[in-house]
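[1] Quick one, structure for this:
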Amino acid sequence: MIENIRLSFQGIFSHKIRSFLTMLGIIIGIAAIIAIVSTIEGTNEQIKNNLIGSGNNTVKIQLQQGDYAADFTYDTVPNNIIPISEESKKRIEELEEVESCTLYRTRNNPDNLFYLNTKIDSAIIYGIDEDYFKTAGYDIAEGIGFTEKQYSDYSKVAIIDTTLARGIFEGESPVGKQIDICGEPFTIIGVAAKRSGFEPVINSVDDYFTYNQTSSGLLFIPTADWGICFRYDEPQNCIAKAVDTDSMTNAGKKTADILNENILAVSSEGEDTAQNMEYKSESLLEQAKALQDLSSSTNNMLIWIASISLLVGGIGVMNIMLVSVTERTREIGLKKALGARKRRILAQFLTEAVVLTSIGGVIGVVSGIGLSKVIANIADVPVSISTVAVVISVVFSMVVGIVFGLIPSIKAARLNPIDALRYE
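    Take a look at the predicted model:
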C-alpha cells in the first residue's frame, strides 16, 4: 500500500498541471458544499438566537382563551382560575429542564397611567415576584432593585425599563420621581435593562411614542402592590428559564401541564367558569426549527447543484486515469510479465485515483473555509464551520476516487501482458 501511494504521488507530480486540472472539479465542488453548509449552520444559529435570545433560554407560559392571551382588563376573573400556589412553583423549579421560574401578572396599555400631566398610552405593567429579574434576564442599570420587604409590604415602588426611561424622562434620571398608576402614586427606585436584545434609539417623548406603536415600555411593581391598582385574585403567568436552548420546548410543556392543574373543573350551572382557558407555552423553539427547515430546504437545493461539479470532477478523474492506463500500457505489461497479479495492478491505479481525489478534497475543504470567511465579510451573513461537513467532504472525495477510478483500474488489471508489451 505504501509503495502504491508513493507511485501515486510520483505520477501526480510528474504531470502537475494535468493533475491539478483533474482535481479542479473536486476542489470546486467540495469548496462550494463547505461554504453552503457553513452558511446554513450560521444562518440557523442566527435564527435561533434572534428568535429565542442568545443565552436567555426563557419561555413564557401564559393563560390563554382559545388562541389569544386572556385579558382581565374589563372581564371578571372566572371562578375556576385561581392564583398559582407556591407548591406549584416549587414543582416547576424541580423539573430537570428548568433552571428557575417566576410568576407575574400583566396589564397592557392601562388607561390610568400618567407622569405629571402626560398620559402614557403605550406601556405594559408587570406585577412581579422576587425571581422575575433573574429569570427574565434583567439587570438594574440605575438606582436599586426591589428589596425582599418591598415584595410584600405594599410600599408602592416601581422600576421601569430603559425604553420607558428614555422616552418619558428625556435624559433625566427617573429615580425618585413618581408615576401615577390608576390614581395611586408609585415612586420609581430603579431602571432595569435587558441583558441581551435589540435596543431602539429613543431620545424624546415623540421618539418613544413613534417606536411604541409596535413595542411598549415596561413598568414593574411588586406582586403585592398589584391589588392596589387592579385585583388581587387575577391569574398569573409564568416564565421558565430552561437549562439550555434545546430544553425550552419540554420545559414549557411540562410547566404548562403543572399550571393547568390549577384550573378547576367547575362547570356547575350558574357559576362563572372559564371558557376554553388553559396555560400554553410559547413555541419559539418550534418556530425557530420551522424557519431553519425552510432555510435548509432552500439551501439543500444549492448543495445538490454544487454536487454536480463533483460528478463532473469524478468524470474528469475517470478520463485522466484512462489516459494514464493508456500511457503506461507497456509498464503494465512488463509488471505482469514479471509476475504481478491483477489485484496488484488494480490496487496501484485505484490508489492513484483515491490519492488524486483526496488531495483535491483537502484543497477543497481549505478553499471552502476560506470562501465561507469571504462570504461572511462581503455579504455580512453568519457562517459556522461544520466539522462533520469537513470530514464527510474528505471521505466523499475519496469515495469519488474509488468509484470513478474503478473502471480504469479494472481495464489496467485485465490487459493481456503480451499485447501490453507489444503496445506502441
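[2] going forward, measure contacts between C-alpha atoms and count neighbours the same way
    OK.
[3] Can you give me the distance of residue 309 to residue 353?
    Look at residue 309 and residue 353: by CA to CA, to the nearest Å, they are 17 Å apart.
[4] Looking at these two now, which is surrounded by more residues?
    Of the pair residue 309 and residue 353, residue 353 is the one with more neighbours under other CA atoms under 10 Å, namely 29 against 19.
[5] That one belongs to a helix, doesn't it?
    Yes - when DSSP: H, G, I helix; E, B strand; the rest coil is applied, residue 353 is found to be in a helix.
[6] In contact with it, which residues?
    Residue 353 makes contact with 317, 321, 401, 402, 404, 405, according to CA atoms under 8 Å, 6 or more residues apart in numbering.
[7] For residue 185, pull up the helix or strand it's in.
    In the assignment (DSSP states H and E), residue 185 maps to strand 184-194.
[8] and that strand, which residues are buried?
    With burial defined by 16 or more other CA atoms under 10 Å, the residues of strand 184-194 counted as buried are 185, 186, 187, 188, 189, 190, 191, 192, 193, 194.
[9] now do stretch 392-412
    Within stretch 392-412, the residues that qualify as buried are 393-410, 412, counting by 16+ other CA under 10 Å.
[10] neighbouring contacts of that stretch?
    Taking CA under 8 Å, 6+ apart as the criterion, the residues outside stretch 392-412 that touch it are 26, 30, 34, 314-315, 317-318, 321-322, 325, 329, 332, 345-350, 353-358, 360-362, 365.
[11] quick one: it to chain centroid distance?
    With CA atoms, centre = their mean, to the nearest Å as the basis, stretch 392-412 stands 37 Å off its chain's centre.
[12] Also stretch 347-364?
    37 Å.
[13] got it, and stretch 317-335?
    Relative to its parent chain, stretch 317-335 has a centroid offset of 51 Å by CA atoms, centre = their mean.
[14] Each with direction, which strands does the strand holding residue 185 pair with?
    Listed by DSSP bridges, the sheet partners of strand 184-194 and their directions read strand 138-143 (antiparallel), strand 157-161 (parallel), strand 178-181 (antiparallel).
[15] Relative to residue 384, which of those is closest?
    With respect to residue 384, and counting by CA to CA, the nearest of the strands paired with strand 184-194 is strand 138-143 at 28.9 Å.
[16] now the closest one: mean pLDDT?
    Averaging pLDDT along strand 138-143 yields 93.
[17] Just the buried residues of that strand, please?
    Within strand 138-143, the residues that count as buried by 16+ other CA under 10 Å are 138, 139, 140, 142.
[18] Report the contact partners of the last one.
    Taking CA under 8 Å, 6+ apart as the contact definition, residue 142 lies against 175, 190, 191, 192.
[19] State the distance from residue 163 to residue 179.
    Distance of residue 163 to residue 179, computed by CA to CA: 15 Å.
[20] Name every strand pairing with the helix or strand encompassing residue 106 and say which way it goes.
    Using DSSP H and E, residue 106 maps to strand 98-108. With DSSP bridges as the test, strand 98-108 is paired with strand 123-128 (antiparallel), strand 237-242 (antiparallel).
[21] export the first one as PDB, just CAs?
    As requested, the backbone C-alpha atoms of strand 123-128 are provided in PDB (Å, rounded to 0.1, in the frame of the first residue of the first chain):
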ATOM      1  CA  ALA A 123     -46.800  50.700  28.300                       C
ATOM      2  CA  ILE A 124     -47.000  47.300  29.900                       C
ATOM      3  CA  ILE A 125     -47.300  46.900  33.700                       C
ATOM      4  CA  TYR A 126     -45.900  43.800  35.300                       C
ATOM      5  CA  GLY A 127     -46.600  42.700  38.800                       C
ATOM      6  CA  ILE A 128     -43.600  40.500  39.600                       C
END
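[22] Off-centre distance for the next helix or strand after it?
    For strand 123-128, the succeeding helix or strand toward the C-terminus, using DSSP H and E, is helix 132-136. What separates the centre of helix 132-136 from the centre of its chain is 22 Å, taken as CA atoms, centre = their mean.
[23] Run through the neighbouring helices and strands of helix 132-136.
    Contact here means 3 or more CA pairs under 8 Å, 6 or more residues apart in numbering; DSSP states H and E; on that basis helix 132-136 packs against strand 98-108, strand 237-242.
[24] just the CA coordinates of that helix, formatted as PDB?
    The C-alpha atoms that make up helix 132-136 are tabulated as PDB, following Å, rounded to 0.1, in the frame of the first residue of the first chain:
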ATOM      1  CA  TYR A 132     -38.500  37.800  37.900                       C
ATOM      2  CA  PHE A 133     -35.400  39.900  37.000                       C
ATOM      3  CA  LYS A 134     -33.100  36.900  37.500                       C
ATOM      4  CA  THR A 135     -35.200  34.600  35.400                       C
ATOM      5  CA  ALA A 136     -36.200  37.000  32.600                       C
END
